[in-house]
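Undergrad: Just to be clear, the model below is a prediction. Sequence and coordinates:
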There are 2 protein chains.
Amino acid sequence: MVVWERPEPPERPVPAPLSRDRIVRAAVQLADADGLDAVSLRKVAAALDVRPMRLYGYIASKEELLDLMVDAVHAEIRPAGDGWREALRSLAEAVRRAAHRHEWLADLLGGRPQLGPRALASGEAVVAALDGIDVDDVMPVVAAVNAYAIGAVRREIAERRAERATGMDERRWQAELGPYLERTLATGRFPALATVVRDAAHRDADETFRIGLDLLLDGIEARFAG
Amino acid sequence: MVVWERPEPPERPVPAPLSRDRIVRAAVQLADADGLDAVSLRKVAAALDVRPMRLYGYIASKEELLDLMVDAVHAEIRPAGDGWREALRSLAEAVRRAAHRHEWLADLLGGRPQLGPRALASGEAVVAALDGIDVDDVMPVVAAVNAYAIGAVRREIAERRAERATGMDERRWQAELGPYLERTLATGRFPALATVVRDAAHRDADETFRIGLDLLLDGIEARFAG
DNA sequence: TACTGGACGATACACCGTATCGGGACGAGG
DNA sequence: CCTCGTCCCGATACGGTGTATCGTCCAGTA
């Protein structure tokens, strides 16, 4: 059959150009939109118009994909500011801001060692800013600030989710947990707790985070940079 | 057929007596032995010689089972000691010890609000010990120590697992991560980090945890109990 | 005794991560 | 240029997950 009347071959779907970067971006997008549970290799593959097993050319397991996602977000975590104190504070606050932008980060933070290039770059930046501190003290100090940031952020995100889950309202969890807590405290089994909840000023999340961070930084200053 | 020659009905397995407590104990045992991934409703049910759906009479979802597991472990977390400082320190160290006994706890800590009776009892005990501190400052202080403990413990357990995964050896991760880190630091892209890793004294996990905790407690003391 | 309401849990569903291995692309040898 | 062998890709399949559904069976009542 001559070429003039021979039909073109069926439009073969161009194999979607793929890369770790594209895969990770798709996964992050899914997680941002619908939470970490929405990240499955099948869904990521579908978002890229690709069959699932194709991904295994770029990653060895789902765990690796999660590691890559965390490292990708570390690009947004760059300490800035003059002096060790500002560097540490901005590190902690950058972690918190990143977790606000990507709530799923709270589920992953601290779950596995972060040794990707962007995480190391964050570490490099903060360690470099700590040159006023004895080299033997740098690691414990950074570790402490990191630990605080991770724990505080997890707690904050967990609370935010619990509030959202019980009815989408902002101030009071009306549906379940609020009344449960009130009832439980009213039993008198937790008198000190009840007093604090009743009488103490209720701080918002920003303030709570800042207070704890300041306490830790004060302690560091007194010990190492006095 | 007369009863004399009619066989007895097949020995029906006595329906295993069940309770939340038994279910949670079985789940904790599975998690202690083989990690959190080994906890599935099917495996828990099998351990209790029961069909999976039976469990839904006692819990509404797997998430609730995990909440119950965390609360059960909180029975081991009781702050002790005289004065607010000792109470906070022993709280943090009790969390850490619990996570050493139940590594899976690190995966769950801070992931959801802890409002079970045993978790509240821990909170009650520590808040009661803080009566020397202004009522408005109690929550932020406890939250800060809790945040630090959660973050530090997660980090520590994550590292321990990474070491174990790369070849079961204690001091040096020979298989993968160690050499990777050395190679990466040798590139010169992270000079400050490389200096610290090369020159600084390497602290063990106990010491690292204690240092960070002391820093935080110092900061609290300076601000609120001075 | 006959009926009925409700609780229980076997079955089934939708989905997961990934091991396997058939088939097709491609390079080498005749 | 054709054939054969190799290797690698990815469709298929497997063994698992959490839990919705709804048939079955039993207890309680009329």
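TA: Done, it's in.
Undergrad: what about the helices in chain A?
TA: Along chain A, the segments classed as helices by DSSP state H run A:20-34, A:41-47, A:62-73, A:83-101, A:105-108, A:117-128, A:135-165, A:177-186, A:191-199, A:205-224.
Undergrad: Which among these is found nearest to DNA strand D?
TA: Of all these, helix A:41-47 sits nearest to DNA strand D, with 8.3 Å by CB to the nearest atom of the strand. For every residue, glycine as well, the C-beta is placed using N, CA and C.
Undergrad: touching DNA strand D at all, the closest one?
TA: No. Helix A:41-47 does not reach DNA strand D (CB under 7 Å from any atom of the strand); its nearest approach is 8.3 Å.
Undergrad: buried ones in that helix?
TA: A:41, A:44, A:45 (16 or more other CB atoms under 10 Å in any protein chain shown).
Undergrad: quick one: pLDDT of the second one?
TA: As predicted, residue A:44 sits at a pLDDT of 96.
Undergrad: just to revisit the earlier point, pipe the helices of chain A into JSON lines and attach distance to DNA strand C per row.
TA: Formatted as JSON lines, the helices of chain A follow (distance: least, CB to the nearest atom of the strand, whole Å):
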{"stretch": "helix A:20-34", "distance to DNA strand C": "10"}
{"stretch": "helix A:41-47", "distance to DNA strand C": "4"}
{"stretch": "helix A:62-73", "distance to DNA strand C": "4"}
{"stretch": "helix A:83-101", "distance to DNA strand C": "22"}
{"stretch": "helix A:105-108", "distance to DNA strand C": "14"}
{"stretch": "helix A:117-128", "distance to DNA strand C": "22"}
{"stretch": "helix A:135-165", "distance to DNA strand C": "20"}
{"stretch": "helix A:177-186", "distance to DNA strand C": "23"}
{"stretch": "helix A:191-199", "distance to DNA strand C": "34"}
{"stretch": "helix A:205-224", "distance to DNA strand C": "31"}
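Undergrad: which of the ones you listed has the lowest average pLDDT?
TA: Among the helices of chain A, helix A:177-186 scores lowest, with a mean of 88.
Undergrad: Distance to residue B:27 for the helices of chain A - can I get that in JSON lines?
TA: Below are those laid out as JSON lines (distance: least, CB to CB, whole Å):
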{"stretch": "helix A:20-34", "distance to residue B:27": "27"}
{"stretch": "helix A:41-47", "distance to residue B:27": "27"}
{"stretch": "helix A:62-73", "distance to residue B:27": "23"}
{"stretch": "helix A:83-101", "distance to residue B:27": "29"}
{"stretch": "helix A:105-108", "distance to residue B:27": "20"}
{"stretch": "helix A:117-128", "distance to residue B:27": "33"}
{"stretch": "helix A:135-165", "distance to residue B:27": "21"}
{"stretch": "helix A:177-186", "distance to residue B:27": "23"}
{"stretch": "helix A:191-199", "distance to residue B:27": "27"}
{"stretch": "helix A:205-224", "distance to residue B:27": "32"}
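Undergrad: Columns distance to chain B on top of the ones you listed, output as CSV?
TA: What follows is these, written out as CSV (distance: least, CB to the nearest CB, whole Å):
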stretch, distance to chain B
helix A:20-34, 16
helix A:41-47, 17
helix A:62-73, 11
helix A:83-101, 10
helix A:105-108, 7
helix A:117-128, 4
helix A:135-165, 3
helix A:177-186, 7
helix A:191-199, 4
helix A:205-224, 3
